[in-house]
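Visitor: pasted the sequence and its predicted model underneath.
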Amino acid sequence: MAPTPSSTARGGTQVVRCARLAIPVDLPSLQAEAAALPDFWMPHFQTARYDGDWLVLPLRSPGGRQDVALPHALSGEPVAYAGTPLLAQCPAIARFLAAFECPVMSARLLNLRAGAEIKPHRDVELAFEHGSARLHVPLVTNPGVEFAIDGEPLAMEAGSCWYINANLTHRVANRGDTDRIHLVVDCTVDDWLRERFARAEVAYSQVRRDPRETRQMIELLRAMDTPTARALVASLEDELAGAA
């Protein structure tokens, strides 16, 4: 049975915290291609969120640009995603992405260097329940990597494929002595991806949002007045009604 988006339960709203998806990963090929790419790594744009080196190589991006670390257009307007010149050098990664039957937005390699730490933060509304899914495929990792989401530790071994609810507070620390490199893919949720979730190993969290925060978000989304914003307004209004 597929996870139920935004199902209301005692104590708050039940959401998917993380899910291990049964999506095949050709780990040796993906590792080899990532290692062979030129050293065009850029600092992650959220510089206030981390200490040490957190680096990005864009493989799919708005307009196919590889010189911009942003995975999405800040305007919130519809944008055309395309492969960057780096993706053309990675046929195995391109095949992996092409096997997704859901819309794929951005795809990046993220490198958290040894000793670096990503501070607790949220990527607001980037969640299965709101129609978006961020998938992590660890290519290079080590036992010293600490990942926690909503206060719960999550160990992601190389070659696995995980959804993480980026709308929940999460943090990462690389306390090992080697880099931690993930292929990170942002997708749009559709029936194909829902079917993958239906067969996944799923963990849930209960969340309770401050109603004042929810109302503020509704007003901001109404001002945007895009189809996505209107859908989110409807979801948030349902959340307020369920909490009443």
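Guide: Received it, and whenever you're ready, just let me know what you need.
Visitor: please report the distance of L109 from H72.
Guide: For L109, the distance to H72 equals 17 Å [Cβ to Cβ, to the nearest Å]. Quick note: C-beta positions are derived from backbone N, CA and C, even for glycine.
Visitor: give me the more crowded residue out of these two.
Guide: Set side by side, L109 and H72 give different neighbour counts by other Cβ atoms under 10 Å, the larger being at L109 (24 against 16).
Visitor: right, and that one touches S61 too?
Guide: No - L109 sits out of contact with S61 when judged by Cβ atoms under 8 Å, with a separation of 11.9 Å.
Visitor: which neighbours does the helix or strand where V16 lies have in its sheet, and in what orientation?
Guide: Of the helices and strands defined by DSSP states H and E, V16 is found in strand 12-20. Looking at strand 12-20 with DSSP bridges, its paired strands and their directions are strand 7-9 (antiparallel), strand 162-164 (antiparallel), strand 201-207 (antiparallel).
Visitor: extract the C-alpha set from it and format it as CSV.
Guide: Coordinates of the C-alpha atoms in strand 12-20 are reproduced here as CSV (Å, rounded to 0.1, in the frame of the first residue of the first chain):
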residue,chain,number,x,y,z
GLY,A,12,0.0,15.5,14.4
THR,A,13,0.3,14.7,10.7
GLN,A,14,1.9,11.5,9.6
VAL,A,15,4.5,12.0,6.9
VAL,A,16,7.1,9.8,5.3
ARG,A,17,10.5,10.5,7.0
CYS,A,18,12.6,8.3,4.7
ALA,A,19,12.2,5.3,2.4
ARG,A,20,14.6,2.9,0.9
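Visitor: just the mean pLDDT for that strand, thanks.
Guide: Regarding strand 12-20, the rounded mean pLDDT is 91.
Visitor: let me know the next secondary structure element after it.
Guide: Trace forward from strand 12-20 with DSSP H and E and the next one is helix 27-36.
Visitor: in the strand holding V16, what counts as buried?
Guide: 13-20 (16 or more other Cβ atoms under 10 Å).
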